[in-house]
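K.L.:
take this sequence and fold it.
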Amino acid sequence: MDYELRIRPNKEEPEMADIVCGDRIVSLPLVPLPETFLKWQLRCRRANVRFFLTGEGEHDFAVHVGYMGTLNPDGPCPLNIAAKGVGLLPRRDIEPLAREIEVLIEEGLAKGERETRAKRLSFLLRFYEETELDPYSFTTIEIFAKTTWRNVMHDPRCSVLFSSYRNTSFLINGVAEVLGPGTPEYRFVTGLHDLFHLPRSGKRREYPAVYRIWAVEAYDKSPGPGAGERLA
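P.N.:
Here you go, the predicted model:
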């Protein structure tokens, strides 16, 4: 990695992100995610899980797909865009939640995907209904360690666009913190992924890392008179 990322004063109440590269420091003010964005995320995620449980009701999977832009200095174009599966993080108690998820995954691998599907989905619904979520960041897994990975190793600044066919769209600019195996965030995020996508091979995969994306700016990108309005 070409830099060190420092979140200060702490990750519980973050105010600044310092990108330290030798004697050069780029400091970026951090902001809370807009309430409208978080409400949209939670409303749709709850509806999506209920749809998977019952096969009924409205659903919108756009909350899960973020189009992540990173700086690509070695390519013919300065930007790279990749579609990423995006998740939300709990504000606290991440390790107990990770342990609970891992137990459910082991049960699913032992008893079968179909036999444990309702129990695993019920955990997801309870998570989105009862857990206080982190208001400053969201997350995604690095799966293939190719262009996005190479770019983030050089510069953590990124943009993530969410766009729904229901005329809702948000752009979050931020910095990507790289968290590897053994960190609570890695265990939680990869666990939540495997809980929903139970490994067909019967063995969990180790991913290179997860990104925790801290918000620097947020914009409303929904079509209409407010398009492009800065929200945070």
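K.L.:
looking at the sheet around the residue nearest to the spatial centre of the chain, what are its partners?
P.N.:
Taking Cα atoms, centre = their mean, the centroid of the chain lies closest to residue 139, which sits 2.1 Å from it. Beta-bridge pairing for residue 139 (DSSP bridges): residue 87, residue 212.
K.L.:
renumber starting at 849 from here on
P.N.:
In the new numbering, first residue 849, that becomes residue 987.
K.L.:
hmm, residue 1061 and it touching each other?
P.N.:
Yes. At 6.7 Å, residue 987 and residue 1061 qualify as touching, with contact defined as Cβ atoms under 8 Å. Backbone N, C-alpha and C define where each C-beta goes, glycine included.
K.L.:
residues contacting the residue nearest to the centre of the chain?
P.N.:
934, 935, 936, 937, 1033, 1037, 1058, 1059, 1060, 1061 (Cβ atoms under 8 Å, 6 or more residues apart in numbering).
K.L.:
list the residues that contact the last one.
P.N.:
Applying Cβ under 8 Å, 6+ apart, one finds that residue 1061 lies in contact with 985, 986, 987, 988, 1006, 1008, 1020, 1022, 1023, 1024, 1025.
K.L.:
of all those residues, which comes closest to residue 898?
P.N.:
residue 986 (21.4 Å; Cβ to Cβ).
K.L.:
just confirm that closest one contacts residue 938, I think it does.
P.N.:
No. Checked against Cβ under 8 Å, the pair residue 986 and residue 938 is beyond contact range at 11.6 Å.
K.L.:
so which of those two has more stuff around it?
P.N.:
residue 986 (24 against 18; other Cβ atoms under 10 Å).
K.L.:
distance check, that one against residue 902.
P.N.:
Using Cβ to Cβ, to the nearest Å, residue 986 is found at 27 Å from residue 902.
K.L.:
same question for residue 871.
P.N.:
Distance from residue 871 to residue 902, by Cβ to Cβ: 58 Å.
K.L.:
more neighbours, these two?
P.N.:
Neighbour tally, residue 871 and residue 902, criterion other Cβ under 10 Å: the higher count belongs to residue 902, 9 against 5.
K.L.:
what's the more buried one sitting at in phi/psi?
P.N.:
Backbone torsions for residue 902, taken as degrees, to the nearest 10, come to phi -120, psi -20.
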